[in-house]
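[1] predicted structure and sequence below. I'll ask about it afterward.
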There are 2 protein chains.
Amino acid sequence: MGTGSSGSAARARAGTAPRVEVLRVGHRPGRDPRLSTHVALVARAFGAERMYLNPPDEQVVASLSGVRERWGGGFEVVPAPSWTAVVRGARGPVVHLTMYGQPLARLLPRLRRAREILLVVGGAKVPPRLYGDATYNVSVGSQPHSEVAAVAVVLAELLGVPGARGFPGARQRIVPRARGKAVVPVGGSAA
Amino acid sequence: MGTGSSGSAARARAGTAPRVEVLRVGHRPGRDPRLSTHVALVARAFGAERMYLNPPDEQVVASLSGVRERWGGGFEVVPAPSWTAVVRGARGPVVHLTMYGQPLARLLPRLRRAREILLVVGGAKVPPRLYGDATYNVSVGSQPHSEVAAVAVVLAELLGVPGARGFPGARQRIVPRARGKAVVPVGGSAA
């Protein structure tokens, strides 16, 4: 990575990077399970602690439980019947990712100093009061794109682009290869 | 951004950053239109030139045409009946993004020196020969996550995280705001 991302990774290793939780609001069960699952998988792979899902959807919870069993780590999807309760309970800045917000570059120094961050992403419909309830409304490019990408880029800037490291408790891990696939079992749950 | 991303953005402005095209393979019309649309929107917003879609899907082409009309730029989705033809036609390294590949950090210096890059992402099913046909198989974290996120992070590392800049020919643009939404019309097609 460039210096920026390496710096983020170093801070993450040193324990001085923020702890990040993600809140996905406006999920539509039946329509959005794959996109919300992608948001959750990205949150996990890029180092967030958990993802609150509003409204709850058992299908997304189950997908991520399966991933945790095979690939380890403590990440889980937490059903959130009330998104306002999650926002009120946040112990640090609430960062709403929206194409209408202030450029990420402007807010990053402040976000990097936070100890805990709640990243909030909407789906097709975002409750209007979220813009007011958020500490910061932040954009990753003022263009329409994807909540999956926005979460990935913000986590990469805060915690570093993830490398080949596995998660504790994994049953299997990938050995990076120039060609083909290599997945090896991990001996014991403590590996 | 950190120094890394700023460096990428500076290279992009100076015209020394690679030109990037994206190829999405294994698209399943009827099942994947939203995910493939997210890949395309990210490719556009993060500075790629175009996205080849294999197999073709008129629904994704139409979505991105609508975005281009409103938000400008020259990005388009190009129907690709044969993905091997796109790979053979590549004028630079073919970079297949896969969780099984070599860590991005290891390959980035080489990718940054390329003049043209074809980024390839699969969906649920990836043709096995893609691993052999690619110049590099590259992972963004050796964990399951999302092709949408992988494209975003690689483009952010190569071209910089996009800021508030609009695209040429846009009918409207966003004025970044701390609260709420501000979208203003752009006068004339040359703005």
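    Structure received.
[2] tell me where chain A has helices.
    Ranges of helices in chain A, per DSSP state H, are A:3-14, A:33-45, A:58-71, A:83-88, A:104-113, A:130-133, A:147-159.
[3] and those: which comes nearest chain B?
    Smallest distance to chain B across the helices of chain A (Cβ to the nearest Cβ): 1.3 Å, for helix A:3-14. Glycine gets a C-beta too; all of them are placed from N, C-alpha and C.
[4] for residue A:9, give me its contacts.
    Contact analysis of residue A:9 by Cβ atoms under 8 Å, 6 or more residues apart in numbering or on different chains lists A:1, A:159, A:160, A:161, A:163.
[5] now those residues: which count as buried?
    The neighbour count (16 or more other Cβ atoms under 10 Å in any protein chain shown) marks A:1, A:159, A:160, A:161, A:163 as buried among the contacts of residue A:9.
[6] can I assume the fourth one is in contact with residue B:105?
    The reference is to residue A:161. Yes: applying Cβ atoms under 8 Å as the test, residue A:161 and residue B:105 come out as touching, 6.9 Å apart.
[7] okay, now the sheet partners of the lengthiest strand in chain A, with direction.
    For chain A, the strand with the greatest residue count under DSSP state E is strand A:94-103. Strand pairing for strand A:94-103, determined by DSSP bridges: strand A:116-121 (parallel), strand A:136-139 (parallel).
[8] spatially, which residue comes closest to the spatially most central residue of chain A, not counting chain neighbours?
    With distances taken as Cα atoms, centre = their mean, residue A:43 lies nearest the centre of chain A, 2.4 Å away. Nearest residue to residue A:43, sequence neighbours excluded (Cβ to Cβ, 6 or more residues apart in numbering or on different chains): residue A:22, at 4.4 Å.
[9] how close does the closest residue to residue A:10 other than its chain neighbours sit to residue B:78?
    Counting by Cβ to Cβ, 6+ apart, residue A:160 is the residue found nearest to residue A:10 once chain neighbours are left out, at 7.7 Å. Distance from residue A:160 to residue B:78, counting by Cβ to Cβ, to the nearest Å: 34 Å.
[10] low-confidence regions, chain A specifically.
    Where chain A drops to pLDDT under 70, the residues are A:1-6, A:188-191.
[11] residue A:119 against residue A:48, yeah?
    Yes: the criterion here is Cβ under 8 Å, and residue A:119 meets it with residue A:48 at 7.3 Å.
[12] now do the shared contacts for these two.
    By the contact definition Cβ under 8 Å, 6+ apart, residue A:119 and residue A:48 are jointly contacted by A:20, A:21, A:22, A:151, A:155.
[13] which of those sits closest to residue B:137?
    residue A:155 (23.0 Å; Cβ to Cβ).
[14] residues in contact with the closest residue to residue A:47 other than its chain neighbours?
    Closest residue in space to residue A:47, ignoring its immediate chain neighbours: residue A:159 at 4.2 Å, by Cβ to Cβ, 6+ apart. Residue A:159 makes contact with A:8, A:9, A:11, A:12, A:17, A:20, A:46, A:47, according to Cβ under 8 Å, 6+ apart.
[15] swap the cut-off to 10 Å and go again
    Contacts for residue A:159 (Cβ atoms under 10 Å, 6 or more residues apart in numbering or on different chains) come out as A:5, A:8-9, A:11-13, A:17-20, A:46-48, A:112.
[16] what subset of those residues is buried?
    Applying 16+ other Cβ under 10 Å to the contacts of residue A:159 flags A:5, A:8, A:9, A:11, A:12, A:17, A:18, A:20, A:46, A:47, A:48, A:112 as buried.
[17] pull the most distant pair out of the residues you listed.
    For those, the maximum inter-member distance is 16.4 Å, found between A:5 and A:48 (Cβ to Cβ).
[18] and the shared contacts of residue A:119 and residue A:48 as CSV, adding distance to residue A:85?
    Formatted as CSV, the shared contacts of residue A:119 and residue A:48 follow (distance: Cβ to Cβ, whole Å):
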residue, distance to residue A:85
A:20, 19
A:21, 13
A:22, 16
A:151, 21
A:155, 23
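[19] out of these, which one sits closest to residue B:32?
    Lowest distance from residue B:32 to those (Cβ to Cβ) belongs to residue A:151, with 19.9 Å.
[20] so who does the closest one touch?
    Contacts of residue A:151 by Cβ under 10 Å, 6+ apart are A:20, A:22, A:24, A:38-40, A:42-43, A:46, A:48, A:51, A:97, A:119-121, A:140, B:146, B:148-149, B:152.
[21] and the buried ones among these, selectable in PyMOL?
    Selecting the buried subset of these in PyMOL, with 16+ other Cβ under 10 Å as the burial test, is done by:
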select buried, (chain A and resi 20+22+24+38+39+40+42+43+46+48+51+97+119+120+121+140) or (chain B and resi 146+148+149+152)
